[in-house]
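Chemist: Sequence and predicted model, in that order:
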Amino acid sequence: MSEIKGRIHSFESLGAVDGPGVRYVIFMQGCPLRCKYCHNRDTREYSLGKKYPVDDIVNQVKRYVAYMGKDGGVTVTGGEPLLQIEFVTELFKKLKENNIHTALDTSGFVNTEKLGDLLKYTDLVLLDIKHMDLNEHLKLTGVSNEKIKLFAKYLSDNGIPMWIRHVLVPGITDSEEHLISLREFIKTLKTVEKVEVLGYHTLGASKWELCEEDYPLKGVPEATKEDVKRAKKILEIE
Ligand code: SF4
């Protein structure tokens, strides 16, 4: 029995976009970033999450194992899961005891010395790189990207498989210079299995209104298929 509890926003039992195969997705509550395009604005404040014990979640996940097939598993996302390292470590440890694939979807904003044993039980990291330029990153997310780059290098040095994900926002994260810089950074990492370009959309804007805040990217157009195609070409993934 584990007494550790996590503050969680919500669950999605049959997710298909956050990692390989069919995923049971856990949205953790709390995030230290302030991304202007955040599509999960309601996951930001840590104190609003409902507390769940690790064992309850593992038991819940086990009911869905049959749907996960050989590629699927559990993805922990948010919010920012690395705000609750102790909980995620215990959760992943128990999931691995049950042979369930574990994926961590994160902004990578963490001091690597705080990771403890987490990566021992993590099969895959989905690392969201928001911007390569320090000042642009600060403007977009409210924090520096230095820790995030160090985290990526740490994953690479320790042989942890990762998928790099990048949200393409017209006029903000789509310049050729930035995408080339991202491409060259990815080339320095040894364990990148996949690079995903996620076109910016405005589906999360209503959540800002529910939180009684103005949506910061009002008026910024969504990324088109052509925009995504162009970015993929520069990143040399298509
Ligand atoms: S890291 Fe994710 S959850 Fe946190 S503010 Fe940015 S987009 Fe929102």
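Modeler: Perfect, I can see it now.
Chemist: quick one: least confident helix or strand in the chain?
Modeler: helix 205-210 (a mean of 90; mean pLDDT, DSSP states H and E).
Chemist: I'd like the next helix or strand past that helix.
Modeler: helix 225-234 (DSSP states H and E).
Chemist: Skipping its backbone neighbours, what lies nearest residue 182 in space?
Modeler: Nearest residue to residue 182 in three dimensions, chain neighbours excluded: residue 132, at 5.1 Å (CB to CB, 6 or more residues apart in numbering). Backbone N, C-alpha and C define where each C-beta goes, glycine included.
Chemist: So what's the residue count around that neighbour?
Modeler: When neighbours are defined as other CB atoms under 10 Å, residue 132 has 22 of them.
Chemist: quick one: the residue nearest to residue 115 when sequence neighbours are not counted and the ligand, what's the gap?
Modeler: Nearest residue to residue 115 in three dimensions, chain neighbours excluded: residue 85, at 6.6 Å (CB to CB, 6+ apart). Taking CB to the nearest ligand atom, to the nearest Å as the measure, residue 85 falls 16 Å from the ligand.
Chemist: same deal with residue 141?
Modeler: To the ligand, residue 141 is 6 Å away according to CB to the nearest ligand atom.
Chemist: Skip the chain neighbours and tell me the closest residue to residue 52.
Modeler: Residue 52's closest residue in space is residue 8 (CB to CB, 6+ apart), at 5.2 Å.
Chemist: What strands line up against whichever strand or helix holds the one you found, and which way round?
Modeler: Element membership for residue 8, per DSSP H and E: strand 5-15. Strand pairing for strand 5-15, using DSSP bridges, gives strand 23-28 (antiparallel), strand 50-53 (antiparallel).
Chemist: quick one: contacts of that strand?
Modeler: By CB atoms under 8 Å, 6 or more residues apart in numbering, the surrounding residues in contact with strand 5-15 are 22-30, 40, 42-43, 46-54, 57, 60, 64, 67, 75, 78-79, 84, 87-88, 91.
Chemist: Please apply the same query to stretch 34-49.
Modeler: 6-9, 27-31, 78-79, 83, 130, 140-143, 167, 169, 172, 200-201, 203-204, 207-208, 210-211, 213, 216-217.
Chemist: who touches residue 65 in this structure?
Modeler: Here residue 65 is in contact with 98, 100 (CB under 8 Å, 6+ apart).
Chemist: Dihedrals phi and psi, it?
Modeler: phi -60, psi -40 (degrees, to the nearest 10).
Chemist: isn't there a strand covering residue 79?
Modeler: No. Judged by DSSP: H, G, I helix; E, B strand; the rest coil, residue 79 forms no part of a strand; its state is coil.
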